[in-house]
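A.B. asks: Show me the folded form of this:
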Amino acid sequence: MKRIILLLLALIICTLSFTDLASASAEAPQVTAAGAALMDGETGELLYDKNANVKYPPASTTKIMTALVVLENTNINDKVTVGENPPYVDGSAVGIVTGETYTVKDLLIALMLASGNDCAEALAEHVGGTTEGFVKMMNERAKELGCKNTNFVNPSGLYDKNHYTTAKDLALILRELIKYDSFLEWEKLVYYEMPPTEKDPNPKWIGNKNALVLDYADSYYPYAIAGKTGYTVDSKHSYAAAANKDGRILISTMLYGENKSFYFPESKALLEYGYENFELIKLYEKNEEVTEVVLNDTTVPLLASSDVYTIVKADEAEELFNNKKFVADTASLGGTNFKAGDEILESSIYLDEELVATLALVSGSDYTVPAVKTVKDNVVSFFSSIKGFLLYGAAVILLLIIILFTIRFINLRRRRRIFRKRNRRRNKYHF
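C.D. replies: Reported below is the predicted structural model:
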């Protein structure tokens, strides 16, 4: 009996513990940085927001934008000759020398792994002509990505009161950068050997500072795919990281932190919070028939122009998906010609009465607006109808006349035969 009671008590304790853990996982972890964000990589939605739109100095996480602009505007095998300025830039450096020649790839890896400000300067001059020209490219690209509270003054992240971004904007930039497979390959490197040059016969060994991707580090996170640290005295500590778990990408960013010992474990906790408590669901698949519309007796299927996703709380995913609906105004479609594959309509998608996405719909078939008849067309049509009717009537009358004449002719011949037959009989007996 005692064993049964003890077993029941153990079962109750385990159940309560599990409930506590499940409840705890639904709560966002503590983040010590002043600004932080957790973004879904597919939709760009924020799953966590701590002053995510407040401006902070980003320090060397600036180099995320530097790398993106370089990758978008060069070939990684292009040669870069180091100019006069890069060796003298302030802050962290890998020791490149004026006149040395490296590939874009060499300098990008040193930029991201070792946070070389000298490499940032060399790349900026190579791509933008001048540092100022490159910074202009950085700011223009930031706006294109939807960054609303970002302004860069230099390519390295050295502190300047006019050099700032937000946790959300930084996540948007990293979200774009991780689309480059080459970049993701470099991010996993433990170290990199920069080759000897004509100025220096010795290779330069570059070590990776992103502990989340290093499997021997205490802060190793198996799903981490990229990250960048940052620090200056005035900017304090910053960190941005991206992870991919079962095909789902999440991005965490932290700005203006007090201590570097926090951002690795806090980033891991924030990423796991996102994976455990939110689910990415596909609302419609590209070319899936969303609905159909009847236009002047012609049925036209309307197809999804792209895959459409949204993020929901994990425990609500199935119920919300089953209650999805879309709204689209099809009233104006009947007056426009279009071809199969043309985008012809915008629709809004709702989950439980909440707008979660917009979707362009494409036509699944060709459609041509029927010709509109004018008064003249109607008159011509009317007289054409009368003419046709008269011709039809005349043809019927002619056919009837022919039939009547044929019948009359047949009857006449028949009577003649009968008459001849009678005459032959008379002549036989009267001669």
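A.B. asks: Show residues contacting stretch 345-361.
C.D. replies: Here stretch 345-361 makes contact (C-beta atoms under 8 Å, 6 or more residues apart in numbering) with 283-284, 290, 302-306, 308-310, 312, 319-321, 323-330, 333, 343-344. C-betas here are computed from N, CA, C, even on glycine.
A.B. asks: what about burial for the residues you listed, which qualify?
C.D. replies: Listed as buried from these are 283-284, 290, 302-305, 308-310, 312, 320, 324, 326, 328, 330, 333, 344; burial here means 16 or more other C-beta atoms under 10 Å.
A.B. asks: rewinding a little: just the ones in strands from the contacts of stretch 345-361, please.
C.D. replies: If you go by DSSP state E, the contacts of stretch 345-361 have 283-284, 290, 302-304, 308-310, 312, 324-327, 343-344 in strands.
A.B. asks: Below-threshold pLDDT in this protein: ranges please.
C.D. replies: By pLDDT under 70, the low-scoring segments of the chain are 1-25, 317, 320-321, 372-389, 419, 421-431.
A.B. asks: Could you break it into its assigned domains?
C.D. replies: According to automatic domain parsing, the chain comprises the domains 30-278, 285-363.
A.B. asks: Now do the end-to-end distance for the first one.
C.D. replies: Start-to-end span of domain 30-278 (C-alpha to C-alpha, to the nearest Å) is 18 Å.
A.B. asks: Out of the ones in strands among the contacts of stretch 345-361, which two are the most distant from each other?
C.D. replies: Put simply, by C-beta to C-beta the two of those set farthest apart are 312 and 344, 28.9 Å from each other.
A.B. asks: Tell me which of the domains of the chain sits most buried.
C.D. replies: Relative to the other members of the domains of the chain, domain 30-278 carries the highest mean neighbour count by mean count of other C-beta atoms under 10 Å, namely a mean of 20.
A.B. asks: Tell me the secondary structure at residue 169.
C.D. replies: Under the three-state scheme (DSSP: H, G, I helix; E, B strand; the rest coil), residue 169 adopts helix.
A.B. asks: how near is it to residue 400?
C.D. replies: 89 Å (C-beta to C-beta, to the nearest Å).
A.B. asks: same thing with residue 51?
C.D. replies: Look at residue 51 and residue 400: by C-beta to C-beta, they are 96 Å apart.
A.B. asks: how about residue 367, phi and psi?
C.D. replies: With angles defined as degrees, to the nearest 10, residue 367 sits at phi -150, psi 130.
A.B. asks: does it really touch residue 341, like I thought?
C.D. replies: No: applying C-beta atoms under 8 Å as the test, residue 367 and residue 341 come out as separate, 12.0 Å apart.
A.B. asks: Now do the shared contacts for those two.
C.D. replies: When contacts are counted by C-beta under 8 Å, 6+ apart, the set common to residue 367 and residue 341 is empty.
A.B. asks: Now do the same contact list for residue 339.
C.D. replies: Contact analysis of residue 339 by C-beta under 8 Å, 6+ apart lists 363, 366.
A.B. asks: repeat for residue 52
C.D. replies: Counting by C-beta under 8 Å, 6+ apart, residue 52 makes contact with 35-37, 46, 166-168.
A.B. asks: of these, closest to residue 390?
C.D. replies: The shortest separation between residue 390 and any of those is 76.6 Å, and it belongs to residue 46 (by C-beta to C-beta).
A.B. asks: ok so, going back, what would the domains of the chain look like in JSON lines with distance to residue 396?
C.D. replies: Supplementary listing: these in JSON lines, determined by distance: least, C-beta to C-beta, whole Å:
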{"stretch": "domain 30-278", "distance to residue 396": "71"}
{"stretch": "domain 285-363", "distance to residue 396": "33"}
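A.B. asks: Quick one, which of these gets closest to residue 420.
C.D. replies: Nearest of the domains of the chain to residue 420, taken as C-beta to C-beta: domain 285-363 at 66.8 Å.
A.B. asks: for that closest one, how far is the first residue from the last?
C.D. replies: Between the opening and closing residues of domain 285-363 there is a gap of 15 Å (C-alpha to C-alpha).
A.B. asks: sorry, back to before: tell me the one of the ones in strands among the contacts of stretch 345-361 nearest residue 210?
C.D. replies: Using C-beta to C-beta, residue 309 comes nearest to residue 210 of the ones in strands among the contacts of stretch 345-361, at 27.7 Å.
A.B. asks: List the beta-bridge partners for that closest one.
C.D. replies: When bridges are called by DSSP bridges, residue 309 pairs up with residue 282.
A.B. asks: Helices of the stretch 301-431 of the chain, start to end?
C.D. replies: In order along the chain, the stretch 301-431 of the chain carries the following helices (DSSP state H, counting those that start in this stretch): 317-322, 375-429.
A.B. asks: helix/strand/coil for residue 108?
C.D. replies: The three-state label for residue 108, taken from three-state DSSP, comes out as helix.
A.B. asks: in which helix or strand would I find residue 231?
C.D. replies: strand 224-232 (DSSP states H and E).
A.B. asks: And the contacts of that strand?
C.D. replies: Looking at what lies outside strand 224-232 - C-beta under 8 Å, 6+ apart - the contacts are 57-64, 91, 112, 115, 157-159, 174, 177-178, 183-184, 187-188, 209-210, 212-213, 237-244, 249, 260, 263, 267, 271.
A.B. asks: one more time with 6 Å
C.D. replies: When contacts are defined by C-beta atoms under 6 Å, 6 or more residues apart in numbering, strand 224-232 is touched by residues 59-61, 64, 157, 159, 178, 184, 187, 209-210, 212-213, 237-244.
A.B. asks: quick one: terminal-to-terminal distance for stretch 162-170?
C.D. replies: Terminal residues of stretch 162-170 lie 16 Å apart, using C-alpha to C-alpha.
A.B. asks: Now do it: distance to the chain's middle.
C.D. replies: For stretch 162-170, the separation from the chain centroid amounts to 22 Å (computed by C-alpha atoms, centre = their mean, to the nearest Å).
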